[in-house]
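Peer 1: got a predicted structure plus its sequence, pasted below:
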Amino acid sequence: MQNFPLRVNKIIDHAAKYHPKREIISRDFKGEINHSNWKEIHQNAKKISKSFQKLGIKKGDVIGVMAWNNRRHMELVYSIPGCGAINHTLNPRLFVGQLIYIINHANDKILVIDLDLIPIIEKIIEKCPSVQNVIIMVDEKNMPETSLKNVICYDELLNENDGDFEWVSGSETDACGICYTSGTTGNPKGVVYTHRSNCLHALISGSPDMLSLSSTEKIMPVVPLFHANGWSIGYTAPMMGSSMVLPGNDLSPAALYELLEKGTTITAAVPTVWLLLLNFLEEKKLSFSSLKRVVIGGSACPRAVIEKFQEKYGVDVLHAWGMTEMSPLGTVCSFKPEILKLNKTEKLNIQETTGHPPFTVDLKITNDNGEDLPWDGKSQGKLWSRGGSVVKNYLKNNENLIDNDNWFDTGDVATIDENGYLKITDRSKDVIKSGGEWISSIIIENAAVGHPDVAEAAAIGVFHPKWDERPILVIVAKPNKNPDKESILLEISKHVAKWQVPDDIIFLDEIPHTATGKISKIALRDKLNNDNYKHPEIK
Ligand code: AMP
């Protein structure tokens, strides 16, 4: 057979040749909706690639991109690796200090940024000596005044050449992208994706038991392209010839709903986005006309959200688990024949799991001694993974993340049932250990969100003199609702053993979130410590 190096630029070549007219709908910085297609994205990517070369970018150089999901960003997904460079996605929600750290650590030569993010870069550019140019993703007419030096307008680069450009060739194991992940301690860590890992990952994530994409689908990634390799959708959609809808910087429920109604058939985001959207739909008495499936991952999806999407709006939920270190897909909850036979409630029980892995992802759970645990849906243990798009080590970091058999410790705690369905019960550092027994914070949180007046919930362990730790619950109520403690505890007691029911409930206006929209238990613990919160029995 022929040797066919898996390089991501072959994906966009394929989309432009065989699916040229598939529509790319994109919201721009003014809120206007623009239309493009894979042929145009391909042409523009070639033009920008050529311009990068003219700017002195060489194979292996790193280009930082701080941008929302929009047409120009999709062009960068291909123009950067197309000239042999590495696409470093930057999360604008990171603390400034962390942004400076990662730009320097990755040694970004050029930054390409969206118009509304200029103020962030203006603040930090003096501390980022490796950056030679800043490219603003805008047309010439709207190019703003800025204190940044060596600034270039994206569309000026686009219009300065003809796109007659051969992608730079290389090995399939060349670096293609970098995404930093924030650990609990220390600086963020860089995960480097190769052309091969991204191609393999796109192939598996588009397959029928995963996202099941095809040329008849129109996918809207609400999840930003800078979060966990953009859940790979920037590669999977053109590989499968799907249309794309890109929401830009307006992630308000009204704006998302408007775009979902542009023929979107499948969409993807973290649960918080969907909680807000479902409230909006309910309030405005709206429904979906084209949406068929919603991918929910990044943190555990509450049962109430799954139920609402499916029962009330006729949209199937695909609950997924993954992590930046896994490119990111680990498992998706699609139905195997054993599950299809079950009744509605039993199926919902299964959908609270995150499903099963595709080919190339291998999983196991172990006890504290490293011994394999049975797949009985009950035994909870450390979750390990290995595969063709799973990390080996972090960028410029000597620590080997895998053992002799390639197993990578995910830091998650999970069960696996007899059909191979994975359920994440906790992050190892978030697990609540009461009297030596583990209590799943995720089960408590999901049960609490099942209460009609609860918007968001976070369970954490606090010190207790007898039990070492006991669970307490932090709640944010839905707007204009005032749920009482007893009714929330009653709801939780329907789902967990009596000793696992939280001992106290604290009501807050807001729960702190991480830069990727997940509840930040670290920030929450800090807040409770600062407020000098103590378990009710030791007050
Ligand atoms: P990140 O790399 O930022 O995407 O974070 C990865 C982590 O998010 C995982 O290790 C899990 O702890 C958590 N996570 C992702 N998806 C899920 C899910 N469906 N249920 C529970 N936790 C999840």
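Peer 2: Structure's in. What do you need?
Peer 1: those residues of the stretch 201-350 of the chain touching the ligand, which are they?
Peer 2: For the stretch 201-350 of the chain, the residues in contact with the ligand (CB under 6 Å from any ligand atom) are 228, 297-300, 319-324, 328. Every residue, glycine included, has its C-beta placed from N, CA and C.
Peer 1: out of the residues you listed, who has the most neighbours?
Peer 2: Within these, residue 321 tops the neighbour count with 29 neighbours, counted by other CB atoms under 10 Å.
Peer 1: and the residues of the stretch 201-350 of the chain next to the ligand, which is closest to residue 404?
Peer 2: Nearest to residue 404 among those: residue 323, at 21.8 Å, using CB to CB.
Peer 1: residues touching that closest one, list them.
Peer 2: Residues near residue 323 by CB atoms under 8 Å, 6 or more residues apart in numbering: 181, 228, 330, 410, 412.
Peer 1: and for whichever helix or strand the third one is part of, what's in contact with it?
Peer 2: Taking DSSP states H and E as the definition, one finds residue 330 inside strand 329-332. Outside of strand 329-332, the residues within contact range by CB under 8 Å, 6+ apart are 201, 204-205, 209-211, 231-232, 295, 318-323, 354-358, 361, 363, 385, 389, 410, 421-422.
Peer 1: could I get the full set of strands for the stretch 101-250 of the chain?
Peer 2: Ranges of strands in the stretch 101-250 of the chain, per DSSP state E, counting those that start in this stretch, are 108-114, 133-137, 151-153, 175-181, 189-194, 218-221, 243-246.
Peer 1: next, the angle from the second one to strand 108-114.
Peer 2: So that's strand 133-137. With axes from the mean of the first three to the mean of the last three CA atoms, to 10 degrees defining the directions, strand 133-137 sits at 20 degrees from strand 108-114.
Peer 1: just how off-centre is strand 133-137 within its chain?
Peer 2: Counting by CA atoms, centre = their mean, to the nearest Å, strand 133-137 is centred 25 Å from the centre of its parent chain.
Peer 1: quick one: buried residues of that strand?
Peer 2: For strand 133-137, the buried set under the neighbour-count rule, 16 or more other CB atoms under 10 Å, comprises 133-137.
Peer 1: can I get the CA coordinates of the next helix or strand after the strand holding residue 330 in CSV?
Peer 2: Per DSSP H and E, the first helix or strand lying C-terminal to strand 329-332 is helix 337-340. Extracted in CSV, the C-alpha atoms of helix 337-340 (Å, rounded to 0.1, in the frame of the first residue of the first chain):
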residue,chain,number,x,y,z
PRO,A,337,-27.7,-3.0,21.3
GLU,A,338,-27.8,-4.0,25.0
ILE,A,339,-28.9,-0.5,25.8
LEU,A,340,-31.4,0.0,23.0
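Peer 1: distance from helix 337-340 to the middle of the chain?
Peer 2: Worked out by CA atoms, centre = their mean, helix 337-340 lies 28 Å from the chain centre.
Peer 1: what lies in contact with it?
Peer 2: 347, 350, 419.
Peer 1: now the last one. Nearest residue, chain neighbours left out?
Peer 2: The reference is to residue 419. Computed as CB to CB, 6 or more residues apart in numbering, the closest residue to residue 419 that is not its neighbour in sequence is residue 338, at 5.2 Å.
Peer 1: helices or strands up against the one helix or strand residue 64 maps to?
Peer 2: Using DSSP H and E, the element containing residue 64 is strand 62-66. Judged by 3 or more CB pairs under 8 Å, 6 or more residues apart in numbering; DSSP states H and E, strand 62-66 is in contact with helix 71-82, strand 86-89, helix 96-106, strand 108-114.
Peer 1: with mean pLDDT as extra columns, can I get the strands of the stretch 101-250 of the chain in JSON lines?
Peer 2: Below are the strands of the stretch 101-250 of the chain laid out as JSON lines (pLDDT from 0 to 100):
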{"stretch": "strand 108-114", "mean pLDDT": "98"}
{"stretch": "strand 133-137", "mean pLDDT": "98"}
{"stretch": "strand 151-153", "mean pLDDT": "98"}
{"stretch": "strand 175-181", "mean pLDDT": "96"}
{"stretch": "strand 189-194", "mean pLDDT": "97"}
{"stretch": "strand 218-221", "mean pLDDT": "98"}
{"stretch": "strand 243-246", "mean pLDDT": "98"}
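Peer 1: which residues of the chain score low on pLDDT?
Peer 2: By pLDDT under 70, the weakly predicted segments of the chain are 183-186, 539.
Peer 1: what does it put close to the ligand?
Peer 2: So the chain meets the ligand at 181, 228, 297-300, 319-324, 328, 354, 410-412, 424, 427, 516 (CB under 6 Å from any ligand atom).
Peer 1: how about 8 Å then?
Peer 2: Residues of the chain lying near the ligand by CB under 8 Å from any ligand atom: 181-182, 227-228, 296-301, 319-325, 328, 330, 354, 410-412, 424, 427, 442, 514, 516, 518.
Peer 1: follow-up on the earlier one: what sits up against the strand holding residue 64?
Peer 2: Strand 62-66 has contacts (CB under 8 Å, 6+ apart) with 52, 57, 73, 76, 80, 85-92, 103, 106-114, 117, 120-121, 131, 178, 225-226.
Peer 1: please indicate which of the residues you listed are buried?
Peer 2: The neighbour-count test (16+ other CB under 10 Å) marks 52, 57, 73, 76, 80, 85-92, 103, 106-114, 117, 120-121, 131, 178, 225-226 as buried among the contacts of strand 62-66.
Peer 1: residue 189: which of the residues of the stretch 201-350 of the chain next to the ligand is nearest?
Peer 2: The closest of these, once distances to residue 189 are taken by CB to CB, is residue 324, at 8.7 Å.
Peer 1: related to what we said a few turns ago, okay, now the sheet partners of the strand holding residue 64, with direction.
Peer 2: If you go by DSSP bridges, strand 62-66 pairs up with strand 86-89 (parallel), strand 108-114 (parallel).
Peer 1: thanks a lot, catch you later.
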